[in-house]
Structure formats: C-alpha cells, structure tokens
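Engineer: build me a model:
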Amino acid sequence: MGVADMQSNGNGNEGFSFRSCVFRRKQVDSHRVSSHSGGQTQQLAKILSVVDIIAIGVGATIGAGVYILVGTVAREQTGPALTVSFFIAGIAAALSAFCYAELVCRCPSAGSAYHYTYICIGEGAAWLVGWALILEYTIGGSAIARGLTPNLALFFGGQDNLPSYLARHSIPGLGIVVDPCAAVLILVVTLLLCIGIKESSFAQTVVTTVNVFGLLFIIIVGGYLAFKTEWIGYELPSGYFPFGVNGMLAGSAVVFFSFIGFDVVASTAEEVKNPQRDLPLGIGVALSICCILYMLVSVVIVGLVPYYALDPDTPISSAFASHGMQWAVYIITTGAVTALCASLMGSLLPQPRMFMAMARDGLLPSFFSDISERTQVPVKSTVIIGILAAALAFVMDVSQLAGMVSVGTLLAFTSVAVSVLILRYVPPNEVPLHPSLQQLIDSPSLQFNSDSQEIAYQNPKGSLSNYDLSQHLLDNIGTSIGCTLLPKHMAQGEQNEQKRRKIAAWNIALVCVGVFVLASAASVENIPSILRFTLCTVGGAIFLCSLIVLACLAQDNARHSFGHSGGFVCPFVPFLPVACILVNTYLLVNLGAGTWFRVSIWLLIGALVYLFYGRTHSSLKNAVYVPTAHAEEIYRTSSDLLA
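Structural biologist: Below is the predicted model of the structure:
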C-alpha cells in the first residue's frame, strides 16, 4: 500500500499508527535526535575500568545459590555429574554472552537488552523486554534481601537472637511475615548506589573479593579433606551418572540461572571508560571465573560425601561438619552473606538505568531520566526503586515468585540473539530525525538527483506523520525489506540486495517460529504422541531449513559500519545466535503454567502502560525516517548552521 492509500484514511493514518509504533526503531546514538531537536540528554559519567566491570559481573553472578544449589541438584538430578552440569550450563550461558558482547560494543548505552532490542527489532518488543526486566530486578532484589536475614541471624546464634527491630514478625490475622532486616538492607544498598557508581563498584569489589576467598577456602580446604578420605563421594556402585544423561541435562537447566549476571554488566555500558575493549573482556573474564569456581566447588563437595548424604539446605556446611570442622560454618556463612550482598547490589544497580533509558525514549516520564550533577547517577530513579523494593521485601515473601525472575532474563537473552541476526543480515538502514530538521530534509541540496527517487515531504499540515514519511521513503527508494515498489531503473545489484534482505528477514522470523514450535512440542507431555511427534517434525523442519538458508546467505555489508566499530564480533553467525535462541526458548517454555499466568498479568499491565502513555509520548512519535547516508549529510548541515 502506497502513501496515497495511507493518506486516504482521514486524519493522520489512525489505522496504521499502532503498527508504526510497535515497529519503529531508534538509532544507536539516540541522544543525537534529542540534541538536534533542542533538547539535552544527560550522560552518565565514564569512570568504570575493566576491574570494576569484572567485580560487578562476578558479584552479580555468584549469589548464595551456589551454597545451596549444589546440594539440591546433586541429590535429585545429577549425582557426582554435577560438575558436568555446571560446565554445560556455562557453555549455554556463553552463547548469550557472545551475543551481548557484540551488541554492547556497537551500542554502548544504558538499557542493555532493552536498548539493543529497540535499535534492531522495534519499540514494541523493546518495551516488552524492558518491562519484563523491571519485574526481574524488583523481585530478584527483594528475594535476595529476604534471604539475607536468616544468614545474618547465624552470626547472632539464630533468628530468635536477632534484635527485635530486625527480626521477622508475623502479623496476626493476615498471615503476613514482615522482614525489617530485608527492608533496611535494601535501603542501605540504595543509599550506596546514590553516592556514585565508582563508590558502589568499589563496595561491590570488596564484598565480591570476600565471597571469592570464601569459595577458595571451600575449594582448597575441602579438596585437602577429600584427598585425605580418598574422594569417597565418587566411589559409588551407581557410577558417575546415577540419574543418567537426562538427569545431568536437567541439572544443567537448573544451574543455568547461576550464570546470568552479565546482563548487569551490559547495563553499565554508558559508564565504562573504554567500552569497545573493556566490556567484552569484563563479560568474558567474569563468566570464566564464575564457571571455574562453580565447577571446582562442585568437584569438592560431591567428593567429600556421597551425593545422597548431602544436606539440601546447607550442603557445604554439613559436608565440612561431617569431617569435624564445625568452625568452618562461620567462614562459609560469611561467604554466603557477602555473595547475597553482591547479588543484591547487582539487582538494584541496573534497574534505575533501565528506567532512565526508557524515560530518555519517552516511554516513561522524564522524571526517571534525571541525573544528579554531583554524583552523576540517576538518583531519583534509584531512590524510588529502592523504596519500592524495600516495601516489597518488608511485607511479602517473594520466593514463590522466583520463577518470574527467569522470564525477564530469558526474554532478554532471546531478544539479544535475534538482534545479532538482524544486525548481521538486515541491519536498520534508516535513521529517525526530529521534525525540527524538516526544512533541511526538504532542501533542494539534499534531494536525490533521479526523478523517480525524488522525495517529496509535503502534506496539507506541513509534514507527514512518522509512518507516512518512512513508508514514502520506502516506496520511492526501496530501502526496506518490506518495500513493495522498486524503481524500474534501479541497478541490478541493488535489486539483488533488496531480495537478499527480504529472504534473510523471512528466514530469521521462520527460525524463531520453528524454534518455538519445536520447543513447545518437545516440552508438552499431556498431548497425544502422534500430534507431539508431528509438531516436533514440522517445527524442526522449519527451524533447520531456515537456518540452512541463513547460513548460505551473504551477510549485509552495512554491518561493518553499524553503530560503534572496532569492538568484539560474535563468531559462528548464524549458528551461535540460533543455538542461543533454541536454548532460551526451551527454558522459557518449561517455566510452568503458574509462572506464565503470573507473568502474563504483569505483561498485560505493561501493555496498558505502553498503550496509554509510552506509545503517545515516545520520542519517535513524530520522527522522520531517512536513509542513513542522507541523515549524516543532514546532521552535518545542521551542525554548520548552528555553528
């Protein structure tokens, strides 16, 4: 449908407004649009080094879960093969880490997965990912804070010995157990985050260092004890895989969530001194450290005692106590407490930056994008989020909502992998410009020479809407994969390129469809086996055929100049991102109906917020889309006029 058809819809194309909102994309340096429109986007201070990034990544990744998870997973799913499960989970997490590493170099701004999705996929998907991550950080931080209380109580001799103003109390008649200690801890961390990113990263480094030394104590001393007892945990008649390979793989799916801290690293991209070098290095080193520590701890613990004798609640402490080292409980508890503190900081650190990124784009009130001139952090957002998280931790046991945390993580991982495919095969070749540049866009010096490619931006009101103007460009110069009108005299090479982009776009979509059908059919057990087999076959066929087509297609040359160049490049495209999509979709499907029901309510609320606020306040509401090369000329002309 051409521009004339769209303009016939009366007053401004209401029939197409929602579609144009959902799929409109911002540019990598979206603050340029704001600066050229007369606004001024505040930037965060670039003061983080690679050491700070590694500390943030390790601290956010290694939570107290490792002190408990090893016992539960070893007893119920893996046995002595727990180490292999951690290794496989680490490889699966590395798939997403590779995708993050490329995007964080090309698009080093706050917002992490939300920011990348907005650039590569569109506003609707970006809002969905951002809204899900908000839920993840809020519930995750509250759950961690409530988990700190019983661990801190061990230093006082038990929860009964905690001071009354910190101890948990049950409200009669309501069945609510309030936790003042959890609320106070969140407020303390919030205050620390408000002081400045350098100060909070230093605190993160300190607690992470204590936690790592605690894990090293477990590895070294535990390894010595296991060596003295000749590794009795491995001398089992059932062998190394008592639950079979399926049990070991199931254990990998559980421990996979022990590796998801690098999204926090990506959220600090705007504050890193040298993002192209330091961010990929920080993500890689942090993930490697965590994987090695996890594997070594699991080797030692399942070697100290047989897997079936591990205490599911305190596996490491009980393993040491069984060898007469009760005093080690205090060292292990210190490690668990510092791990929880680091994880709490990791949960509260990225959320204000997510709010700030969404507010910059107009999807949330501008209040959230304010940055303190003194501390150079989004103090207002941090305070509001800290108060909300403290209130939630104070009145609600959020452990039953833990599954909802995984939805945000997996959605983010999936969208990042899809974004890498789009960036490689069909990178955005249009740039949104503010309507204030309309005169420059209309100036004769910036028009195409060819009559058939001439751009006319005129309507009775002076300028076309975002969707009209972008579609007008697409119809006349054929810059979109979805264009329906190609100039007859277009060079054969350009026509072939448009055809390649269209084939690539369709196959990226079909890969996602095939993965979803395959993962859903493989996970659902209460359907007839014939139907299940048929769906698996169809989904697998769509998935494999689309992947083969993508592998045979040439990648877009524009990928070399998209965003900031000179950083990390994800290897083995399209296979690595597609494998990431497959793993994360399978885990998403297996989260359970109850989790998805609760998440759906949250996503529905988010859809309403976007429909009634974000859609109409977006900074791209009246943006004009022009080809990238044309935009650079307009920016240069604008700068010359302002000089």
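
Engineer: the stretch 501-643 of the chain: helices as residue ranges?
Structural biologist: In the stretch 501-643 of the chain, the helices defined using DSSP state H, counting those that start in this stretch lie at 529-552, 575-589, 593-609, 615-617, 628-642.

Engineer: could you redo the ones you listed as CSV and give each row mean pLDDT and mean neighbour count?
Structural biologist: No exception for glycine: its C-beta is placed from N, CA and C like everyone else's. Formatted as CSV, those follow (pLDDT from 0 to 100; neighbours: other C-beta atoms under 10 Å):
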stretch, mean pLDDT, mean neighbour count
helix 529-552, 95, 15
helix 575-589, 94, 22
helix 593-609, 91, 14
helix 615-617, 90, 16
helix 628-642, 65, 14
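
Engineer: of all those helices, which lies closest to residue 90?
Structural biologist: Minimum separation from residue 90 across the helices of the stretch 501-643 of the chain (C-beta to C-beta) falls at helix 575-589, 12.3 Å.

Engineer: which other helices and strands contact the closest one?
Structural biologist: helix 82-106, helix 402-425, helix 492-523, helix 529-552 (3 or more C-beta pairs under 8 Å, 6 or more residues apart in numbering; DSSP states H and E).

Engineer: mind listing what the nearest residue to residue 260 once chain neighbours are set aside touches?
Structural biologist: In space, and not counting its chain neighbours, residue 260 is closest to residue 409: 5.0 Å by C-beta to C-beta, 6 or more residues apart in numbering. Contact analysis of residue 409 by C-beta atoms under 8 Å, 6 or more residues apart in numbering lists 136, 257, 260, 263.

Engineer: which pair in these spans the largest distance?
Structural biologist: 257 and 263 (11.8 Å).

Engineer: which one of those two is surrounded by more residues?
Structural biologist: residue 263 (26 against 18; other C-beta atoms under 10 Å).

Engineer: tell me the pLDDT at the more buried one?
Structural biologist: Here the pLDDT value assigned to residue 263 is 87.

Engineer: just the strands in this structure please.
Structural biologist: Along the chain, counting by DSSP state E, strands occupy 169-171, 176-178, 430-433, 624-627.

Engineer: figure out how far the last one is from the centre of its chain.
Structural biologist: If I follow you right, that is strand 624-627. For strand 624-627, the gap between its own C-alpha mean and the chain's C-alpha mean amounts to 28 Å (C-alpha atoms, centre = their mean, to the nearest Å).

Engineer: flag every buried residue along stretch 243-263.
Structural biologist: 243, 247-263 (16 or more other C-beta atoms under 10 Å).

Engineer: any idea how far apart the tips of that stretch sit?
Structural biologist: Stretch 243-263 has an end-to-end distance of 32 Å (criterion: C-alpha to C-alpha, to the nearest Å).

Engineer: returning to that earlier point: mind checking how far the residue nearest to residue 260 is from residue 132?
Structural biologist: 9 Å (C-beta to C-beta, to the nearest Å).

Engineer: find the residue at the geometric middle of the chain.
Structural biologist: For the chain, the residue nearest the mean C-alpha position is residue 412 (3.7 Å; C-alpha atoms, centre = their mean).

Engineer: excluding chain neighbours, what is closest to that one?
Structural biologist: Nearest residue to residue 412, sequence neighbours excluded (C-beta to C-beta, 6+ apart): residue 113, at 3.6 Å.

Engineer: so that neighbour sits right up against residue 418, yeah?
Structural biologist: No. Contact criterion C-beta atoms under 8 Å: residue 113 and residue 418 do not qualify, at 10.5 Å.

Engineer: of these two, who's got more company?
Structural biologist: The neighbour count for residue 113 versus residue 418, taken as other C-beta under 10 Å, is higher for residue 113 (29 against 24).

Engineer: OK, contacts around that one?
Structural biologist: Counting by C-beta under 8 Å, 6+ apart, residue 113 has contacts 129-130, 133, 263, 266, 411-413, 415-416.

Engineer: could you rerun that using 6 Å?
Structural biologist: The neighbourhood of residue 113, defined by C-beta atoms under 6 Å, 6 or more residues apart in numbering, consists of 129, 412, 415-416.

Engineer: which one of those residues is nearest residue 609?
Structural biologist: Once C-beta to C-beta is applied, the member of the contacts of residue 113 that ends up nearest residue 609 is residue 129, at 14.3 Å.

Engineer: I figured the closest one hits residue 117, correct?
Structural biologist: Yes. Counting by C-beta atoms under 6 Å, residue 129 touches residue 117, with 5.0 Å between them.

Engineer: give me the common contacts of the two.
Structural biologist: By C-beta under 6 Å, 6+ apart, the residues touching both residue 129 and residue 117 are residue 415.

Engineer: just the buried residues of stretch 243-263: which are in helices?
Structural biologist: The members of the buried residues of stretch 243-263 that map onto helices under DSSP state H are 247-255, 262-263.

Engineer: switch the residues you listed over to CSV; also include distance to residue 342.
Structural biologist: Shown next, in CSV, are those (distance: C-beta to C-beta, whole Å):
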residue, distance to residue 342
247, 31
248, 29
249, 29
250, 28
251, 24
252, 24
253, 24
254, 21
255, 18
262, 14
263, 15
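
Engineer: so how far is residue 123 from residue 608?
Structural biologist: The value you get for residue 608 to residue 123, if C-beta to C-beta is used, is 16 Å.

Engineer: hang on, I meant residue 500
Structural biologist: Where residue 123 is concerned, residue 500 sits at a distance of 26 Å (C-beta to C-beta).

Engineer: so which of these two has more stuff around it?
Structural biologist: Ranked by neighbour count (other C-beta under 10 Å), residue 500 and residue 123 place residue 123 first, with 24 against 17.

Engineer: which pair of the ones in helices among the buried residues of stretch 243-263 spans the longest distance?
Structural biologist: Maximum distance among those (C-beta to C-beta): 28.5 Å, for 247 and 263.

Engineer: number of residues surrounding the residue lying closest to residue 231 once chain neighbours are set aside?
Structural biologist: Nearest-residue entry for residue 231: residue 303, 4.3 Å, with adjacent residues in sequence omitted and distances by C-beta to C-beta, 6+ apart. Residue 303 has 24 neighbouring residues, counting by other C-beta under 10 Å.

Engineer: between the two ends of stretch 46-54, how far is it?
Structural biologist: End-to-end distance (C-alpha to C-alpha), stretch 46-54: 16 Å.

Engineer: in that stretch, what's buried?
Structural biologist: 48, 50, 52-54.

Engineer: out of those, which is nearest to residue 495?
Structural biologist: Once C-beta to C-beta is applied, the member of those that ends up nearest residue 495 is residue 53, at 45.0 Å.

Engineer: ok, that closest one - contacts?
Structural biologist: 265, 278, 282.

Engineer: out of everything not next to it in sequence, what's closest to the last one?
Structural biologist: This points to residue 282. residue 53 (3.1 Å).

Engineer: likewise the second one?
Structural biologist: Leaving aside its chain neighbours, residue 278 sits nearest to residue 50 (4.2 Å; criterion: C-beta to C-beta, 6+ apart).
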